[in-house]
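**Student:** got a structure for you, letters missing:
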């Protein structure tokens, strides 16, 4: 675990340096964070406005609000984010079909915007790695992602099914004293997280169909062309650690200003604005780092599979990944 965390920190530092060389690599992730907040607000407003005391079952609106977790905004870029397709179920209100359809529409649009921006990041990072700093163009990256939207939508449906299977297995886990259902659910979730993040680069970079990209990701993962686990585990643990630290700082600001009796003062609002900016920047950076990590893996795999297995150790990974593995 400590080795994984160490490599994760190295990958983060190398990715930040790459982003510092070309700050445009961070722009899509910054936009993603802001749109997550906007969609979160829309989800709350457009769904709860359908509820009226005379129409909704007792406690339904409270159930909706209690199922919305603001802390999950920091994790919505990943394929296993709480507002991924699996999040549809949290907002499916059986007592009000209009609210359910509104929530589903917003969630689908939300997911598409996130995947679109992640695809743009992937295309920009790929250009940076293969053609040099500053070589990527937003217009070309956006066109490539738009052309790949059908495959990305199929990726969304496949993710939805994978999440439903994982959820079904978790629900059945209680029937087994060995906890087999929960174990299988974890395998499905981890496998699809890794496969999904490798499918997206195949779709965007090579213009592959969903099924071709799926075969590509399976070949990369099952062919032992590269080691995936360390980066995912290390980076995610570090991201969670920073999220807890920043969250604790926010709670500390609230507690300190309340204790000092200056809650709502100019100092309080200045502190909260700074804290909010820190949350946005931190979340965007880790979104970018995750995309950079999987793009590096994909570029490395493309180069590694062109040589024999004996010669693969001679293939140099992209700079950020090489620094992490050093």
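**Tutor:** Structure received. As the structure is a computational prediction, the values presented were derived from the model and not from experiment. Residues are numbered from 1 along each chain as shown.
**Student:** in the protein, which spans are helices?
**Tutor:** Using DSSP state H, the helices found in the chain span residues 2-21, 27-48, 60-66, 97-131, 138-147, 149-172, 180-206, 210-222, 229-259, 266-304, 319-325.
**Student:** among those helices, which gets the worst mean confidence?
**Tutor:** Note on the helices of the chain: lowest mean pLDDT is at helix 60-66, with a mean of 43.
**Student:** coming back round to it: go through the helices of the chain and name the closest to residue 313.
**Tutor:** helix 266-304 (9.4 Å; CB to CB). All C-beta atoms are positioned from the backbone trio N, CA, C, and that covers glycine.
**Student:** Spit out the contact partners of residue 130.
**Tutor:** residue 299 (CB atoms under 8 Å, 6 or more residues apart in numbering).
**Student:** how close does it get to residue 113?
**Tutor:** 26 Å (CB to CB, to the nearest Å).
**Student:** Also residue 287?
**Tutor:** On the measure of CB to CB, residue 287 and residue 113 end up 13 Å apart.
**Student:** Residue 324 too?
**Tutor:** 30 Å.
**Student:** Tell me which of these two has more neighbours.
**Tutor:** In this view residue 324 and residue 113 are compared by other CB atoms under 10 Å, and residue 324 has more residues nearby, 24 against 16.
**Student:** Quick one: residues contacting the more buried one.
**Tutor:** 7-8, 10-11, 14, 231.
**Student:** run the last query once more with 7 Å
**Tutor:** 7, 10-11, 14, 231 (CB atoms under 7 Å, 6 or more residues apart in numbering).
**Student:** Just give me the closest of the residues you listed to residue 124.
**Tutor:** Distances from residue 124 to the contacts of residue 324, taken by CB to CB, are shortest for residue 14, at 16.4 Å.
**Student:** Can you tell me how far that closest one is from residue 291?
**Tutor:** From residue 14 to residue 291 the distance is 14 Å (CB to CB).
**Student:** more crowded one of those two?
**Tutor:** residue 291 (29 against 22).
**Student:** does the more buried one really touch residue 125, like I thought?
**Tutor:** Yes. Here residue 291 reaches residue 125: they are 6.4 Å apart, a contact under CB atoms under 7 Å.
**Student:** follow-up on the earlier one: just put the helices of the chain in a markdown table and tack on distance to residue 311.
**Tutor:** As requested, those are arranged in a markdown table below (distance: least, CB to CB, whole Å):
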| stretch | distance to residue 311 |
| --- | --- |
| helix 2-21 | 24 |
| helix 27-48 | 35 |
| helix 60-66 | 56 |
| helix 97-131 | 20 |
| helix 138-147 | 31 |
| helix 149-172 | 32 |
| helix 180-206 | 22 |
| helix 210-222 | 17 |
| helix 229-259 | 23 |
| helix 266-304 | 9 |
| helix 319-325 | 17 |
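**Student:** And those helices: which comes nearest residue 310?
**Tutor:** Proximity to residue 310 (CB to CB) singles out helix 266-304 among those, at 11.7 Å.
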